[in-house]
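Trainee: prediction below, plus the sequence it came from.
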Amino acid sequence: MVRDVIGSIISNISRGLRRNLLVCGWFGLGRSFVLRRILKGVKGSSGIISVYVDCYRGVYLPSDLRNAFVRAVYSLKNVSDFSRVIECFASRDLNYALSVFDDFLDDYGFKIVLGFDEIEFLRRVCRYSEISSLRDIFRVLLGLRNVYVICSCLSTSFLESFLGDIVKLFNVVKLRFLSRFEALRFIRNVSSRFGVIFSEEEAFRIFELTQGNPRYIEFFVRDLISPPNRISAGNFSDLFRKSLVHGLLGFYVSSIHSRILELVGNINVCNRVVFEVARGIGSIKEVAERIGRFPQHVSLVIRKLKDLGVVREISGRLVLSDNVYAEWLRLYFSRSMNIL
């Protein structure tokens, strides 16, 4: 299914059909993979240049965002007269620079595909007066004739909090967890690369523990086949917890936690809120009492967590959407706070 979507998008862009795209889904479902495959697929098309922008690791300041567009200019082949465009991006008026950039692309018959990976982290640049509004920048960007924009994101609801109705200008592709059949096949493919074959019962247990998340499966399988671990169906749960505490899987989930904290803000409160919800504290009032904060304050954090898809309500009770993340929180905080 994902390969078909990627192929269709590459074909549309190569034929000049405009399709600004949001690739949405939870951590580990392959958002960055899809984005990179699309950029790689259109790169060979005549007159199309693709530029990848890692918003999480590479964009902290307004100058970093400007440099992403400058890289797009420098990537144009057989063009020497781009000094006027570079000078425009050096000015403070980014919207004007983008318009000049579009005319420049027209003159030389080029089109640019900009891939913003983890676009929600562009919020960092809003702290600076130099970038008055990302909403205005993307309104201009999406209106350019020769620029296609493809983004990966965690949640459209969270994007709307700072891009507003601009989100509606994108076509949205939502990635899903693997089905049982897809997960079992994926487990066989991953394990066979390391010369290990799991029985159907063992593979199904891996699927259950990881919820069919491809990245969780990959890291858990790699932790399972390391020499200290003895694989048997009876102790898979113990090995899973060990993987979350000491293994590659735990390291990966830790990076997810760091991203969530940054996106929500108010790190200390967010830390306690997600831990209390993971422990089964299911209402805002109860969480507020546990952490010693006003309910209104906790409610703001919960709202952001809901927009990100981290927390949801089931029968009026707050729960974490990802059971693996919830288990990591229980293990991590229980060890660090000596909670038994």
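Mentor: That came in fine, so what should we check first? Numbering: from 1, shown residues only.
Trainee: which stretches of the stretch 151-300 of the chain form helices?
Mentor: Using DSSP state H, counting those that start in this stretch, the helices of the stretch 151-300 of the chain run over 156-163, 180-192, 200-210, 214-224, 236-246, 248-264, 267-278, 284-291, 295-308.
Trainee: run the angle between the longest one and helix 156-163 for me.
Mentor: Put plainly, it is helix 248-264. With axes from the mean of the first three to the mean of the last three Cα atoms, to 10 degrees defining the directions, helix 248-264 sits at 40 degrees from helix 156-163.
Trainee: if we go by neighbour counts, what in helix 248-264 is buried?
Mentor: Within helix 248-264, the residues that count as buried by 16 or more other Cβ atoms under 10 Å are 249-250, 252-253, 256-257, 259-261, 263-264. Any C-beta I mention is one placed from the backbone N, CA and C, and that applies to glycine too.
Trainee: what does the second one give?
Mentor: In terms of neighbour count (16+ other Cβ under 10 Å), helix 180-192 has its buried residues at 183-184, 186-187, 190-191.
Trainee: packing partners for it?
Mentor: Counting contacts by 3 or more Cβ pairs under 8 Å, 6 or more residues apart in numbering; DSSP states H and E, helix 180-192 packs against helix 200-210, helix 214-224.
Trainee: highest mean neighbour count out of those helices?
Mentor: Of all those, helix 214-224 has the most neighbours on average by mean count of other Cβ atoms under 10 Å, namely a mean of 22.
Trainee: okay, the angle between that one and helix 200-210?
Mentor: Using the same axes, to 10 degrees, helix 214-224 lies at 120 degrees relative to helix 200-210.
Trainee: give me the residues contacting helix 214-224.
Mentor: Helix 214-224 is contacted from outside by 27-30, 178, 183, 186-187, 190-191, 194, 196, 206-207, 209-210, 229, 231, 239-240, 242-243, 247-249, 251-252, 324, using Cβ atoms under 8 Å, 6 or more residues apart in numbering.
Trainee: does residue 57 belong to a helix or a strand, and which?
Mentor: helix 55-58 (DSSP states H and E).
Trainee: so which bits of that helix are buried?
Mentor: For helix 55-58, the buried set under the neighbour-count rule, 16+ other Cβ under 10 Å, comprises 55-56.
Trainee: next SSE after it?
Mentor: Using DSSP H and E, the helix or strand that follows helix 55-58 in sequence is helix 62-74.
Trainee: and that following helix, which residues are buried?
Mentor: Buried-residue list, helix 62-74, by 16+ other Cβ under 10 Å: 62, 64-70, 72-73.
Trainee: tell me how far the next helix or strand after that helix lies from the chain's centre.
Mentor: Scanning forward in sequence from helix 62-74 by DSSP H and E, the next helix or strand is helix 83-90. Offset of helix 83-90 from its chain centre (Cα atoms, centre = their mean, to the nearest Å): 31 Å.
Trainee: what's helix 83-90 packed up against?
Mentor: On a contact count with 3+ Cβ pairs under 8 Å, 6+ apart, helix 83-90 meets helix 62-74, helix 94-108.
Trainee: what about the longest one, average pLDDT?
Mentor: For helix 94-108, mean pLDDT is 84.
Trainee: can I get the helices and strands packed on helix 180-192 in a markdown table with mean pLDDT?
Mentor: Output for the helices and strands packed on helix 180-192, formatted as a markdown table (pLDDT from 0 to 100):
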| stretch | mean pLDDT |
| --- | --- |
| helix 200-210 | 92 |
| helix 214-224 | 94 |
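Trainee: out of these, nearest to residue 138?
Mentor: In terms of Cβ to Cβ, the element of these nearest to residue 138 is helix 214-224, at 28.2 Å.
Trainee: how far does that closest one sit from its chain's centre?
Mentor: For helix 214-224, the distance to the chain centre is 19 Å (Cα atoms, centre = their mean).
Trainee: remind me which residues of the protein are low pLDDT?
Mentor: 1-4, 16-18, 44-46, 77-80, 92, 128-132, 227-234, 335-340 (pLDDT under 70).
Trainee: quick check: domain ranges of it?
Mentor: Following automatic domain parsing, one gets these domains for the chain: 2-174, 180-246, 252-336.
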